[in-house]
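>>> structure for the following, please:
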Amino acid sequence: MKAEIIAVGTEILLGQILNTNAQYMAAQLADLGIDVYFQGVVGDNMSRVKQALQIASERSDLVLCCGGLGPTEDDLTKDAIAEFTGAKLTLDSEAEKKILELFKGGSDSLIISNRRQANTIEGSHLFKNEVGLAVGFVHKYQGTYYAVIPGPPREMKYMFEYELKPWLDQMLGKRSKLYSKYLKFGNIGESAVEDTLKDLIKVQSKVSIAPYADIGEITIRLSVKANNLEQAEIEFEQIANQIRNLLADYLYSEDNESLEQALAKHKIDDFGVYEINTNAYLSNRIYSTDVHHTNLKIGLTKIADEIIDEPYVLTQFAKFIEQNGLKNSIGIFHCPLTQKSLTSSGRPKKKFFIALCINGEIFINERTFVGDIQSVQIRAAKTALFLLLKALK
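Take a look at the predicted model:
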């Protein structure tokens with residue numbers, strides 16, 4: 001089955017809100033074995049919504065419309081589908097009763113406008129909304145299914161998970177689904193990864209290989225259609241093993257997790273984080289995980305002109321460890337810029353020292369990164385996390 005996602009809402013077109021719904025729905029549809037080939041956004045305009053439906057109907061088996069189900073006149077997704085398919089809108093009595101009860105005692109105009117949220121298409125399969133008011137539905141017209149769900153993420157996710165997903169699963173019956181495996185790498189750039197894997201990527205067939213770059217880390221997603229997870233794992237293993245062998249020095253996880261989530265699995269006792277001249281990205285990422293390291297100590301310092309070299313780093317890091325009674329620690333020292341800290345094209349090179357303490361033994365690494373201040377500090381923090389993970393293994 002080929003699917004297309006259409007987000008309805010002028011606020012998305014204007015960049016006032018981020019369309020996270022499409023990301024969620026695309027991933028969920030892929031898990032169901034449904035191919036999403038197109039995504040679109042259309043404003044709250046009847047003719048343009050109908051035009052988007054026309055285009056989608058010519059190339060997709062399932063058109064999933066999200067948003068435009070509210071109580072105002074510009075919430076017109078259901079009206080547009082009814083006009084496009086020549087169907088009749090009707091009120092779902094159960095949803096209408098819920099709305100009338102909620103707005104009992106309110107003005108007539110308020111009740112009338114909110115009753116719109118109980119609209120559905122006559123003869124369609126209804127999707128109940130247990131966390132909101134707007135009902136959804138799926139309607140088949142000329143061989144294409146038109147599914148409609150609310151835009152607010154909480155309502156969208158609930159209706160997708162408990163209404164649309166089970167309906168699709170039952171309707172599609174036994175089939176192969178898309179399975180994915182993730183390999184996570186640090187301390188290496190995207191171009192180096194792609195160059196190393198170019199021969200594998202060139203001959204990929206049943207198992208697709210897709211590298212994704214983020215600041216300071218790389219994800220390689222392997223995907224395959226299979227009848228079950230066990231079959232998918234067999235398909236993955238040969239490719240995954242080749243990638244492991246080629247990039248063993250940079251692999252930190254085979255789960256879809258961040259560096260700090262991988263570090264949290266170690267549950268380190270008497271652990272410290274010490275940062276000088278940074279934006280505290282490293283400390284914040286370690287704090288963000290659900291796992292709390294026992295006796296975690298954080299040290300943050302800003303200095304202006306003091307020279308930061310290896311002896312300085314060693315002295316300050318050792319003092320932080322001793323004062324807090326720590327056995328394991330990680331530190332980032334961002335050196336102040338000097339005239340020498342420039343590339344040939346004039347871009348600033350930012351020098352960092354990354355310090356590690358593993359069971360009382362201290363190691364110092366010097367690294368240089370080029371880029372804006374935010375990206376280099378993120379890169380330095382992720383490099384530090386990667387080096388700590390490797391040292392703990």
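>>> run through the helices of this structure in chain order.
Ranges of helices within the chain are 10-13, 20-31, 46-57, 77-85, 93-102, 108-115, 153-159, 165-172, 190-202, 229-246, 259-264, 281-288, 310-324, 373-392, based on DSSP state H.
>>> turn the ones you listed into CSV, including mean pLDDT and distance to residue 125.
Just so you know, the C-beta spots here come from the backbone N, C-alpha and C atoms, and that holds for glycine as well. Formatted as CSV, those follow (pLDDT from 0 to 100; distance: least, C-beta to C-beta, whole Å):
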stretch, mean pLDDT, distance to residue 125
helix 10-13, 93, 26
helix 20-31, 92, 17
helix 46-57, 97, 18
helix 77-85, 96, 13
helix 93-102, 87, 14
helix 108-115, 79, 21
helix 153-159, 95, 12
helix 165-172, 93, 7
helix 190-202, 92, 42
helix 229-246, 94, 29
helix 259-264, 88, 39
helix 281-288, 87, 41
helix 310-324, 94, 61
helix 373-392, 92, 46
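>>> dump those helices into JSON lines; add distance to residue 182 as well.
Compiled in JSON lines, the helices of the chain are given as follows (distance: least, C-beta to C-beta, whole Å):
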{"stretch": "helix 10-13", "distance to residue 182": "28"}
{"stretch": "helix 20-31", "distance to residue 182": "13"}
{"stretch": "helix 46-57", "distance to residue 182": "30"}
{"stretch": "helix 77-85", "distance to residue 182": "35"}
{"stretch": "helix 93-102", "distance to residue 182": "40"}
{"stretch": "helix 108-115", "distance to residue 182": "44"}
{"stretch": "helix 153-159", "distance to residue 182": "22"}
{"stretch": "helix 165-172", "distance to residue 182": "22"}
{"stretch": "helix 190-202", "distance to residue 182": "14"}
{"stretch": "helix 229-246", "distance to residue 182": "10"}
{"stretch": "helix 259-264", "distance to residue 182": "12"}
{"stretch": "helix 281-288", "distance to residue 182": "19"}
{"stretch": "helix 310-324", "distance to residue 182": "33"}
{"stretch": "helix 373-392", "distance to residue 182": "16"}
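>>> can you redo these as JSON lines with distance to residue 69 and mean neighbour count?
Formatted as JSON lines, the entries for the helices of the chain read as follows, by distance: least, C-beta to C-beta, whole Å; neighbours: other C-beta atoms under 10 Å:
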{"stretch": "helix 10-13", "distance to residue 69": "14", "mean neighbour count": "15"}
{"stretch": "helix 20-31", "distance to residue 69": "12", "mean neighbour count": "17"}
{"stretch": "helix 46-57", "distance to residue 69": "12", "mean neighbour count": "17"}
{"stretch": "helix 77-85", "distance to residue 69": "6", "mean neighbour count": "22"}
{"stretch": "helix 93-102", "distance to residue 69": "11", "mean neighbour count": "14"}
{"stretch": "helix 108-115", "distance to residue 69": "11", "mean neighbour count": "14"}
{"stretch": "helix 153-159", "distance to residue 69": "9", "mean neighbour count": "18"}
{"stretch": "helix 165-172", "distance to residue 69": "17", "mean neighbour count": "14"}
{"stretch": "helix 190-202", "distance to residue 69": "40", "mean neighbour count": "13"}
{"stretch": "helix 229-246", "distance to residue 69": "35", "mean neighbour count": "14"}
{"stretch": "helix 259-264", "distance to residue 69": "36", "mean neighbour count": "20"}
{"stretch": "helix 281-288", "distance to residue 69": "34", "mean neighbour count": "18"}
{"stretch": "helix 310-324", "distance to residue 69": "55", "mean neighbour count": "16"}
{"stretch": "helix 373-392", "distance to residue 69": "38", "mean neighbour count": "20"}
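>>> do you know which of the ones you listed lies nearest residue 272?
Shortest separation from residue 272 across those is recorded for helix 310-324, at 5.6 Å, computed as C-beta to C-beta.
>>> put the alpha carbons of that closest one into PDB.
Included here for helix 310-324 are C-alpha records, laid out as PDB according to Å, rounded to 0.1, in the frame of the first residue of the first chain:
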ATOM      1  CA  GLU A 310      47.800  20.700  29.100                       C
ATOM      2  CA  PRO A 311      49.500  21.400  32.500                       C
ATOM      3  CA  TYR A 312      46.600  23.800  33.400                       C
ATOM      4  CA  VAL A 313      44.000  21.200  32.400                       C
ATOM      5  CA  LEU A 314      45.700  18.500  34.400                       C
ATOM      6  CA  THR A 315      46.000  20.700  37.500                       C
ATOM      7  CA  GLN A 316      42.400  22.000  37.400                       C
ATOM      8  CA  PHE A 317      40.900  18.600  36.500                       C
ATOM      9  CA  ALA A 318      42.800  16.800  39.300                       C
ATOM     10  CA  LYS A 319      41.800  19.400  41.800                       C
ATOM     11  CA  PHE A 320      38.100  19.000  40.800                       C
ATOM     12  CA  ILE A 321      38.300  15.200  41.200                       C
ATOM     13  CA  GLU A 322      40.100  15.400  44.600                       C
ATOM     14  CA  GLN A 323      37.800  18.100  46.100                       C
ATOM     15  CA  ASN A 324      34.700  16.000  45.200                       C
END
